[in-house]
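Chemist: one predicted model, sequence on top.
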Amino acid sequence: MSASRIGIVWNPSKIDEDGLRAAVDEVFAGGDTVRWWETSVDDPGRGMAEEAIAAECDTVIAVGGDGTVRAVAEALAGTEVALGIVPQGTGNLLARNLGVPLNGMIPALERVRDATPQHIDLGWVDFDGQTRAFAVMVGFGIDAQMLVETDDDLKSKAGWLAYVEAMGRALSGTEMTDITVTIDDRDPQEVRGHTMLIGNCGMLQGGIRLLPDAQLDDGLLDILLVSSEGPLQWLDTVRSFVWDNGIRRLLTRGDEAVSTDSAQHLAVERIAVSLAQPLVFEIDGEEMGEITQFAVRVQPGALTVR
């Protein structure tokens, strides 16, 4: 990476400023110009990233969790300004899917400095009169309910294991509902389920690939609809994740995710969803409250990342 103008958008609740500045000085010593923007409770990073673009930064480095990364990515979409990531959150999902080092600030900053830029897709979701970008996934059901059930104190102490603790309560808090879906230019369809995830990438903590076909640069979003009810269907769903779309796929190098009656996979460019009852909705790990309608689309190659 030749000498350039670098913007640092950092979340002060996630990291010590002195340690971050020391790491940046170590990695970007020399001719690089570095400017700094601190996020706030009211703005997790989009406004700061827009200021960095106006200041003609070549690269904007998001230092924080998935919320900070999402907000910065939203501002950089459609520009040639590159996104860098120093993961400091609990999930760090986009960083994981990009292979960004999670073991310290300096390795992550060195990755930004040395990596070849690449273009990835970005998803956009319209709901309740709002439009938000997402880099990882949106949805309702177990995933969103788990965010509601997760204890913040436990999360700060145990990290992503706090989500595991919340899973049992999330399972009991999700309900089957009628769903109307319109995929791309097809006719609307009526389905039933309790969980729908729409993802730009599919790997979660622990190397779990919830959306095994999802690729960051394929111009598609991947959907998982779960409708498991009762122990037998849940066993079928777990078998699908662990065996069909996990171990067996690795052994046979299968090309497509395997759907079952209780866990269906599909790749789309656009989808509109209407729910028979309000359900909690999440965007890149942020709980957005209850909604009844939303529409999602992909913007291929929208984001340059380092």
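Modeler: All right, it came through fine.
Chemist: contacts only, for the spatially most central residue of the chain.
Modeler: Centroid-nearest residue in the chain, with C-alpha atoms, centre = their mean: Val136, separated by 2.3 Å. Contact analysis of Val136 by C-beta atoms under 8 Å, 6 or more residues apart in numbering lists 66, 70, 93-94, 97, 199-201, 284-285. For the C-beta atoms, the positions are set from N, CA and C on the backbone; glycine is no exception.
Chemist: which parts of the chain are strands?
Modeler: Taking DSSP state E to define them, one finds strands in the chain at 5-10, 33-38, 59-64, 82-87, 118-127, 130-134, 137-140, 177-183, 189-193, 195-199, 221-226, 263-268, 270-283, 286-305.
Chemist: tell me which residues are up against the fourth one.
Modeler: Right, strand 82-87. So strand 82-87 is contacted by 10, 20, 58-65, 69, 72-73, 76, 94-96, 98, 100, 102, 105, 108-109, 111-112, 117, 303-306 (C-beta under 8 Å, 6+ apart).
Chemist: let's go with 7 Å and repeat that
Modeler: Strand 82-87 is contacted from outside by 58-63, 69, 72-73, 76, 94-95, 100, 102, 105, 108-109, 112, 117, 303-306, using C-beta atoms under 7 Å, 6 or more residues apart in numbering.
Chemist: got the angle between it and strand 286-305?
Modeler: Strand 82-87 and strand 286-305 are oriented at 130 degrees to each other (axes from the mean of the first three to the mean of the last three C-alpha atoms, to 10 degrees).
Chemist: ok now strand 82-87, how far from the chain's centre?
Modeler: 14 Å (C-alpha atoms, centre = their mean, to the nearest Å).
Chemist: CA atoms only for it, dumped as CSV, please.
Modeler: What follows is strand 82-87, C-alpha atoms only, in CSV (Å, rounded to 0.1, in the frame of the first residue of the first chain):
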residue,chain,number,x,y,z
ALA,A,82,-11.7,1.2,0.6
LEU,A,83,-12.9,-0.2,3.8
GLY,A,84,-10.4,-1.6,6.3
ILE,A,85,-11.5,-3.4,9.5
VAL,A,86,-9.9,-3.7,13.0
PRO,A,87,-12.4,-6.0,14.7
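Chemist: between strand 118-127 and that strand, find me the angle.
Modeler: Going by the same axes, to 10 degrees, strand 82-87 is angled at 80 degrees with respect to strand 118-127.
Chemist: quick check: mean pLDDT across strand 82-87?
Modeler: Rounded to a whole number, the mean pLDDT of strand 82-87 is 98.
Chemist: quick check, pLDDT for the nearest residue in space to Asp58 that is not next to it in sequence.
Modeler: Leaving aside its sequence neighbours, Asp58 sits nearest to Ser4 (C-beta to C-beta, 6 or more residues apart in numbering; 4.1 Å). Per-residue pLDDT puts Ser4 at 87.
Chemist: who's in contact with the closest residue to Val298 other than its chain neighbours?
Modeler: Once flanking residues are discounted, Val298 sits nearest to Leu221: 4.9 Å by C-beta to C-beta, 6+ apart. Neighbouring residues of Leu221 by C-beta under 7 Å, 6+ apart: 123, 198-200, 268, 296, 298.
Chemist: ok, now Val191?
Modeler: By C-beta under 7 Å, 6+ apart, the neighbours of Val191 are 179, 181, 225.
Chemist: of those - the most surrounded one?
Modeler: Leu225 (22 neighbours; other C-beta atoms under 10 Å).
Chemist: how long is stretch 277-294 end to end?
Modeler: 13 Å (C-alpha to C-alpha, to the nearest Å).
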